[in-house]
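Undergrad: no FASTA, just this:
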(Lines give C-alpha, C1' and ligand atoms only; values in the text may rest on other atoms or scores of the structure.)
Protein backbone atom coordinates (compact mmCIF):
# COMPACT_ATOMS: atom_id res chain seq x y z
CA UNK A 1 0.00 0.00 0.00
CA UNK A 2 1.30 3.41 -0.99
CA UNK A 3 1.82 5.87 1.87
CA UNK A 4 -0.31 8.33 -0.09
CA UNK A 5 -3.27 5.96 -0.39
CA UNK A 6 -6.54 7.38 0.86
CA UNK A 7 -9.89 5.99 1.99
CA UNK A 8 -13.39 6.68 0.66
CA UNK A 9 -13.98 9.71 2.88
CA UNK A 10 -10.82 11.46 1.72
CA UNK A 11 -11.43 10.50 -1.91
CA UNK A 12 -15.01 11.81 -1.87
CA UNK A 13 -13.87 15.06 -0.25
CA UNK A 14 -11.66 15.67 -3.28
CA UNK A 15 -13.95 14.25 -5.95
CA UNK A 16 -15.06 17.62 -7.35
CA UNK A 17 -11.54 19.01 -7.39
CA UNK A 18 -10.53 15.81 -9.19
CA UNK A 19 -13.26 16.28 -11.81
CA UNK A 20 -12.44 19.99 -12.13
CA UNK A 21 -8.73 19.13 -12.64
CA UNK A 22 -7.75 21.27 -9.69
CA UNK A 23 -5.62 18.72 -7.79
CA UNK A 24 -1.85 18.62 -7.83
CA UNK A 25 -0.10 15.52 -9.19
CA UNK A 26 0.26 13.84 -5.81
CA UNK A 27 -3.36 14.27 -4.71
CA UNK A 28 -4.62 13.42 -8.17
CA UNK A 29 -2.59 10.20 -8.15
CA UNK A 30 -3.93 9.26 -4.72
CA UNK A 31 -7.55 9.78 -5.86
CA UNK A 32 -6.92 7.85 -9.09
CA UNK A 33 -5.48 4.89 -7.19
CA UNK A 34 -8.47 4.91 -4.87
CA UNK A 35 -10.90 5.01 -7.82
CA UNK A 36 -9.16 2.03 -9.41
CA UNK A 37 -9.69 0.06 -6.24
CA UNK A 38 -13.15 1.27 -5.16
CA UNK A 39 -16.14 0.61 -7.41
CA UNK A 40 -18.53 2.73 -5.33
CA UNK A 41 -16.36 5.88 -5.41
CA UNK A 42 -15.72 5.34 -9.12
CA UNK A 43 -19.49 5.27 -9.77
CA UNK A 44 -19.90 8.43 -7.71
CA UNK A 45 -17.15 10.19 -9.65
CA UNK A 46 -18.66 9.12 -12.99
CA UNK A 47 -22.08 10.41 -11.91
CA UNK A 48 -20.73 13.80 -10.81
CA UNK A 49 -18.72 14.11 -14.01
CA UNK A 50 -21.75 13.21 -16.15
CA UNK A 51 -23.78 15.89 -14.38
CA UNK A 52 -21.04 18.45 -15.03
CA UNK A 53 -21.08 17.43 -18.71
CA UNK A 54 -24.85 17.93 -18.84
CA UNK A 55 -24.42 21.44 -17.40
CA UNK A 56 -21.70 22.20 -19.91
CA UNK A 57 -24.04 21.07 -22.70
CA UNK A 58 -26.56 23.77 -21.69
CA UNK A 59 -24.29 26.34 -23.28
CA UNK A 60 -24.86 24.76 -26.69
CA UNK A 61 -28.00 26.11 -28.20
CA UNK A 62 -29.51 28.13 -30.98
CA UNK A 63 -29.46 31.89 -30.92
CA UNK A 64 -32.87 33.51 -31.51
CA UNK A 65 -32.90 35.09 -34.98
CA UNK A 66 -33.68 38.54 -33.53
CA UNK A 67 -30.56 38.38 -31.34
CA UNK A 68 -28.47 37.19 -34.28
CA UNK A 69 -29.69 40.07 -36.48
CA UNK A 70 -28.97 42.55 -33.69
CA UNK A 71 -25.38 41.33 -33.26
CA UNK A 72 -24.72 41.36 -37.02
CA UNK A 73 -26.03 44.93 -37.28
CA UNK A 74 -23.98 45.95 -34.27
CA UNK A 75 -20.73 44.66 -35.78
CA UNK A 76 -21.53 46.34 -39.12
CA UNK A 77 -21.44 49.67 -37.30
CA UNK A 78 -17.94 49.12 -35.85
CA UNK B 1 -1.75 43.60 -35.09
CA UNK B 2 -5.31 43.87 -33.75
CA UNK B 3 -7.96 41.52 -35.10
CA UNK B 4 -9.73 42.71 -38.29
CA UNK B 5 -13.44 43.42 -38.32
CA UNK B 6 -14.16 40.42 -40.58
CA UNK B 7 -12.16 38.05 -38.39
CA UNK B 8 -13.82 39.49 -35.27
CA UNK B 9 -17.28 38.96 -36.76
CA UNK B 10 -16.47 35.41 -37.85
CA UNK B 11 -15.18 34.50 -34.38
CA UNK B 12 -18.19 36.09 -32.66
CA UNK B 13 -20.69 34.32 -34.89
CA UNK B 14 -18.95 31.00 -34.32
CA UNK B 15 -19.41 31.16 -30.56
CA UNK B 16 -22.53 33.32 -30.38
CA UNK B 17 -24.64 30.30 -29.37
CA UNK B 18 -22.43 29.66 -26.35
CA UNK B 19 -22.25 33.34 -25.41
CA UNK B 20 -26.01 33.58 -25.58
CA UNK B 21 -26.46 30.27 -23.71
CA UNK B 22 -24.25 31.39 -20.84
CA UNK B 23 -25.80 34.88 -20.78
CA UNK B 24 -29.27 33.30 -20.53
CA UNK B 25 -28.28 31.26 -17.47
CA UNK B 26 -26.56 34.21 -15.82
CA UNK B 27 -29.44 36.65 -16.32
CA UNK B 28 -32.40 34.16 -16.53
CA UNK B 29 -34.08 36.52 -18.94
CA UNK B 30 -34.03 36.71 -22.74
CA UNK B 31 -33.96 40.52 -23.01
CA UNK B 32 -31.20 40.91 -20.40
CA UNK B 33 -29.21 38.07 -22.02
CA UNK B 34 -29.38 39.82 -25.41
CA UNK B 35 -28.25 43.10 -23.84
CA UNK B 36 -25.40 41.38 -22.02
CA UNK B 37 -24.13 39.73 -25.20
CA UNK B 38 -24.40 42.99 -27.17
CA UNK B 39 -22.62 44.93 -24.44
CA UNK B 40 -19.90 42.26 -24.30
CA UNK B 41 -19.32 42.46 -28.05
CA UNK B 42 -19.06 46.27 -27.98
CA UNK B 43 -16.55 46.11 -25.11
CA UNK B 44 -14.59 43.34 -26.80
CA UNK B 45 -14.28 45.33 -30.02
CA UNK B 46 -13.10 48.42 -28.09
CA UNK B 47 -10.55 46.27 -26.23
CA UNK B 48 -9.47 44.26 -29.31
CA UNK B 49 -5.84 45.24 -28.87
CA UNK B 50 -5.78 43.22 -25.64
CA UNK B 51 -6.50 39.98 -27.54
CA UNK B 52 -3.12 38.22 -27.53
CA UNK B 53 -3.70 35.64 -30.28
CA UNK B 54 -6.69 34.53 -32.41
CA UNK B 55 -6.67 31.19 -30.51
CA UNK B 56 -7.29 33.03 -27.23
CA UNK B 57 -10.52 34.59 -28.57
CA UNK B 58 -12.99 32.29 -26.81
CA UNK B 59 -11.48 32.63 -23.31
CA UNK B 60 -10.92 36.36 -23.87
CA UNK B 61 -14.49 37.20 -24.86
CA UNK B 62 -16.00 35.00 -22.13
CA UNK B 63 -13.86 36.86 -19.61
CA UNK B 64 -15.33 40.13 -20.93
CA UNK B 65 -18.86 38.67 -20.72
CA UNK B 66 -18.31 37.56 -17.11
CA UNK B 67 -16.79 40.87 -16.09
CA UNK B 68 -19.58 42.81 -17.79
CA UNK B 69 -22.24 40.77 -16.02
CA UNK B 70 -20.54 40.97 -12.63
CA UNK B 71 -19.85 44.71 -12.77
CA UNK B 72 -23.43 45.40 -13.91
CA UNK B 73 -24.72 43.30 -11.04
CA UNK B 74 -22.51 45.07 -8.51
CA UNK B 75 -23.84 48.42 -9.68
CA UNK B 76 -27.44 47.20 -9.42
CA UNK B 77 -26.82 45.68 -5.99
CA UNK B 78 -25.17 48.90 -4.79
CA UNK B 79 -28.39 50.74 -5.69
CA UNK B 80 -30.26 48.19 -3.55
CA UNK B 81 -32.31 46.89 -6.47
CA UNK B 82 -31.16 43.28 -6.24
CA UNK B 83 -29.56 40.97 -3.72
CA UNK B 84 -25.75 41.28 -3.65
CA UNK B 85 -23.52 38.48 -4.98
CA UNK B 86 -22.49 37.32 -1.52
CA UNK B 87 -22.81 34.13 0.47
CA UNK B 88 -25.31 33.37 3.17
CA UNK B 89 -24.62 31.23 6.20
CA UNK B 90 -25.44 27.62 5.49
CA UNK B 91 -25.10 24.31 7.24
CA UNK B 92 -22.32 22.35 5.57
CA UNK B 93 -22.58 19.34 7.83
CA UNK B 94 -24.34 17.08 5.37
CA UNK B 95 -24.34 18.44 1.81
CA UNK B 96 -27.11 17.06 -0.39
CA UNK B 97 -26.01 14.37 -2.83
CA UNK B 98 -28.27 12.80 -5.47
CA UNK B 99 -25.94 9.84 -5.69
CA UNK B 100 -26.22 9.12 -1.98
CA UNK B 101 -30.00 9.50 -2.09
CA UNK B 102 -30.22 7.05 -4.99
CA UNK B 103 -28.15 4.53 -3.09
CA UNK B 104 -30.24 4.50 0.06
CA UNK B 105 -31.03 0.82 0.68
CA UNK B 106 -34.81 1.27 1.03
CA UNK B 107 -35.11 2.59 -2.54
CA UNK B 108 -34.32 -0.89 -3.93
CA UNK B 109 -33.12 0.17 -7.35
CA UNK B 110 -31.77 -2.47 -9.64
CA UNK B 111 -28.93 -2.05 -12.09
CA UNK B 112 -27.42 1.42 -12.26
CA UNK B 113 -29.86 3.93 -10.70
CA UNK B 114 -27.72 7.02 -11.24
CA UNK B 115 -27.29 6.29 -14.94
CA UNK B 116 -31.00 5.52 -15.26
CA UNK B 117 -31.88 8.87 -13.68
CA UNK B 118 -29.36 10.80 -15.79
CA UNK B 119 -30.85 9.23 -18.92
CA UNK B 120 -34.33 10.36 -17.91
CA UNK B 121 -33.39 13.91 -16.93
CA UNK B 122 -33.95 16.32 -19.76
CA UNK B 123 -32.10 19.50 -20.60
CA UNK B 124 -35.13 21.48 -19.39
CA UNK B 125 -34.99 19.75 -16.00
CA UNK B 126 -31.38 20.74 -15.47
CA UNK B 127 -32.12 24.25 -16.70
CA UNK B 128 -35.04 24.56 -14.29
CA UNK B 129 -32.98 23.41 -11.31
CA UNK B 130 -30.18 25.82 -12.22
CA UNK B 131 -32.62 28.72 -12.59
CA UNK B 132 -33.98 28.05 -9.10
CA UNK B 133 -30.61 28.59 -7.42
CA UNK B 134 -29.88 31.89 -5.70
CA UNK B 135 -27.65 34.05 -7.86
CA UNK B 136 -24.46 33.66 -5.76
CA UNK B 137 -24.68 29.90 -6.34
CA UNK B 138 -25.91 30.00 -9.94
CA UNK B 139 -23.08 32.24 -11.11
CA UNK B 140 -20.35 30.02 -9.68
CA UNK B 141 -21.91 26.89 -11.24
CA UNK B 142 -22.20 28.64 -14.62
CA UNK B 143 -18.55 29.70 -14.49
CA UNK B 144 -17.22 26.32 -13.30
CA UNK B 145 -19.45 23.89 -15.19
CA UNK B 146 -20.87 25.68 -18.22
CA UNK B 147 -17.75 27.71 -19.01
CA UNK B 148 -15.35 25.24 -17.35
CA UNK B 149 -13.18 27.97 -15.82
CA UNK B 150 -10.41 27.11 -13.35
CA UNK B 151 -10.97 28.05 -9.69
CA UNK B 152 -8.30 30.76 -10.00
CA UNK B 153 -10.14 32.32 -12.95
CA UNK B 154 -13.44 32.27 -11.06
CA UNK B 155 -11.74 33.87 -8.06
CA UNK B 156 -10.41 36.63 -10.30
CA UNK B 157 -13.79 37.22 -11.97
CA UNK B 158 -15.72 37.34 -8.69
CA UNK B 159 -12.91 39.01 -6.73
CA UNK B 160 -13.01 36.41 -3.97
CA UNK B 161 -10.28 34.09 -2.61
CA UNK B 162 -9.78 30.69 -4.28
CA UNK B 163 -10.74 28.96 -1.02
CA UNK B 164 -14.10 30.75 -1.13
CA UNK B 165 -14.62 29.58 -4.73
CA UNK B 166 -13.99 26.00 -3.60
CA UNK B 167 -16.42 26.13 -0.68
CA UNK B 168 -19.08 28.14 -2.51
CA UNK B 169 -18.95 25.78 -5.47
CA UNK B 170 -19.37 22.76 -3.18
CA UNK B 171 -22.44 24.35 -1.58
CA UNK B 172 -23.78 25.47 -4.96
CA UNK B 173 -23.51 21.95 -6.39
CA UNK B 174 -25.27 20.49 -3.36
CA UNK B 175 -28.05 23.08 -3.75
CA UNK B 176 -28.31 22.31 -7.47
CA UNK B 177 -28.60 18.58 -6.80
CA UNK B 178 -31.29 19.23 -4.22
CA UNK B 179 -33.23 21.36 -6.71
CA UNK B 180 -32.74 18.72 -9.40
CA UNK B 181 -33.94 16.02 -7.03
CA UNK B 182 -37.16 17.99 -6.47
CA UNK B 183 -37.61 18.44 -10.23
CA UNK B 184 -37.05 14.70 -10.75
CA UNK B 185 -39.49 13.82 -7.97
CA UNK B 186 -42.15 16.17 -9.36
CA UNK B 187 -41.79 14.51 -12.76
CA UNK B 188 -42.13 11.04 -11.24
CA UNK B 189 -38.61 10.01 -12.21
CA UNK B 190 -37.69 8.63 -8.80
CA UNK B 191 -39.82 5.50 -8.97
CA UNK B 192 -37.54 2.49 -9.36
CA UNK B 193 -38.39 -0.10 -12.00
CA UNK B 194 -38.46 -3.81 -11.30
CA UNK B 195 -35.64 -5.80 -12.91
CA UNK B 196 -36.32 -7.29 -16.35
CA UNK B 197 -36.95 -11.02 -16.29
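TA: That came in fine, so what should we check first? If you're wondering where the values come from, they're calculated on a predicted model, not measured in any experiment.

Undergrad: hey, let's count contacts and neighbours off CA atoms from now on
TA: Fine.

Undergrad: out of everything not next to it in sequence, what's closest to the residue of chain A at minimum distance from chain B?
TA: The minimum distance from chain A to chain B, using CA to the nearest CA, falls at residue A:56 (4.0 Å). Of all residues not flanking residue A:56 in the chain, residue B:146 sits nearest, at 4.0 Å (CA to CA, 6 or more residues apart in numbering or on different chains).

Undergrad: so where's chain A uncertain?
TA: A:1-4 (pLDDT under 70).

Undergrad: hey, where'd the strands end up in it?
TA: Read by DSSP state E, chain A holds no strands at all.

Undergrad: Tell me where the longest helix sits in it.
TA: Counting residues, the longest helix in chain A under DSSP state H turns out to be helix A:39-57.

Undergrad: Could you pull up the residues touching residue 45?
TA: Picked chain A for this. Residues counted as contacts of residue A:45 (CA atoms under 8 Å, 6 or more residues apart in numbering or on different chains) are A:15, A:19.

Undergrad: you looked at the wrong chain, it should be chain B
TA: Contacts of residue B:45 (CA under 8 Å, 6+ apart): A:78, B:8.

Undergrad: in the chain, which spans are helices?
TA: Picked chain A for this. Taking DSSP H to define them, one finds helices in chain A at A:8-13, A:15-19, A:25-37, A:39-57, A:65-76.

Undergrad: Chain B is the one I meant
TA: Assigned by DSSP H, the helices in chain B fall at B:5-27, B:30-46, B:57-78, B:98-102, B:113-120, B:123-132, B:135-141, B:151-158, B:162-186.

Undergrad: Mind pulling up the pLDDT for the residue nearest the centre of chain B?
TA: Geometric centre of chain B, nearest residue: residue B:142, 1.4 Å, by CA atoms, centre = their mean. pLDDT for residue B:142: 95.

Undergrad: wait, doesn't it sit right on residue B:23?
TA: No. At 9.5 Å, residue B:142 does not count as touching residue B:23 under the criterion of CA atoms under 8 Å.

Undergrad: Looks like residue B:152 contacts residue B:162 (just checking).
TA: Yes. Counting by CA under 8 Å, residue B:152 does reach residue B:162; the two are 5.9 Å apart.

Undergrad: any idea what sits nearest residue B:179, other than its immediate chain neighbours?
TA: residue B:129 (5.0 Å).

Undergrad: again, but for residue A:35
TA: The shortest distance from residue A:35 to any non-neighbouring residue, by CA to CA, 6+ apart, is to residue A:42 (5.0 Å).

Undergrad: got it, and residue B:39?
TA: Of all residues not flanking residue B:39 in the chain, residue B:68 sits nearest, at 7.6 Å (CA to CA, 6+ apart).

Undergrad: how far away is that neighbour from residue B:58?
TA: Using CA to CA, to the nearest Å, residue B:68 is found at 15 Å from residue B:58.

Undergrad: Residues of chain A that sit close to chain B?
TA: A:16, A:20, A:22, A:44, A:47, A:50-63, A:67, A:70-72, A:74-75, A:78 (CA under 8 Å from any CA of the partner chain).

Undergrad: Spit out the contact partners of the closest residue to chain A within chain B.
TA: Closest residue of chain B to chain A, CA to the nearest CA: residue B:146 (4.0 Å). For residue B:146, the contact set (CA under 8 Å, 6+ apart) comprises A:52, A:55-59, B:22.

Undergrad: what do you get if the cut-off is 7 Å, keeping everything else the same?
TA: Shown in contact with residue B:146 (CA atoms under 7 Å, 6 or more residues apart in numbering or on different chains): A:55-56, A:58-59.
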